[in-house]
Each structure stands twice: as structure tokens, then as C-alpha cells.
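Novice: Sequence and computational prediction follow.
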Amino acid sequence: MPNTGSLVKVNGDGFSVVVDGLNQPTSLEIIGNAAYVVTLGGEIWKIDQVSGPPYGVSR
């Protein structure tokens, strides 16, 4: 279904939603602190600030 995809991440309590409403995502690439999602229609969506330090590590 259109606009029903989501990007989630694992945290200490389970999962949390980073972004939802993605339109039929077909692939994902994480480069640095950004995620690039390719949709079924060929659009590329950039999602910033998707990663942080590993669990239990602070900066």
C-alpha cells in the first residue's frame, strides 16, 4: 500500500520508528548518518540523523 512503509531502529527497549509514511520502499542504503530509500517509482528519499553511537556508548 502506498505511504505505509517505515524505517525502524533497534534500541535498548525494542524498536522505535525513525520515519513512517514511506511510499513503497524497495531498497535502503545507510551512508554515514543518513539513510537513502529508493521507492518503487524510482524516487530517492534522504532521511538524516538515522544513526547514533552504539547502545551504551556516549559521545
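Specialist: Received, thanks.

Novice: C-alpha from now on. contacts and neighbour counts both.
Specialist: Will do.

Novice: Was I right to think Trp45 contacts Glu29?
Specialist: No. Using C-alpha atoms under 8 Å, Trp45 is not in contact with Glu29; the gap is 10.5 Å.

Novice: can you list residues touching both of the two?
Specialist: Counting by C-alpha atoms under 8 Å, 6 or more residues apart in numbering, the shared contacts of Trp45 and Glu29 are Tyr36, Val37.

Novice: who's more crowded, the two?
Specialist: Trp45 (15 against 11; other C-alpha atoms under 10 Å).

Novice: so who does that one touch?
Specialist: Trp45 touches Tyr36, Val37, Val38, Thr39, counting by C-alpha under 8 Å, 6+ apart.

Novice: For it, grab phi and psi.
Specialist: phi -110, psi 130 (degrees, to the nearest 10).

Novice: Okay, it and Gly12: tell me how far apart.
Specialist: 27 Å (C-alpha to C-alpha, to the nearest Å).

Novice: Contacts made by the host helix or strand of Lys9 with the rest, please.
Specialist: Element membership of Lys9 [criterion: DSSP states H and E] is strand 5-11. By C-alpha under 8 Å, 6+ apart, the residues outside strand 5-11 that reach it are Phe15, Ser16, Val17, Val18, Val19, Asp20, Gly21, Leu22, Asn23, Gln24, Pro25, Tyr55.
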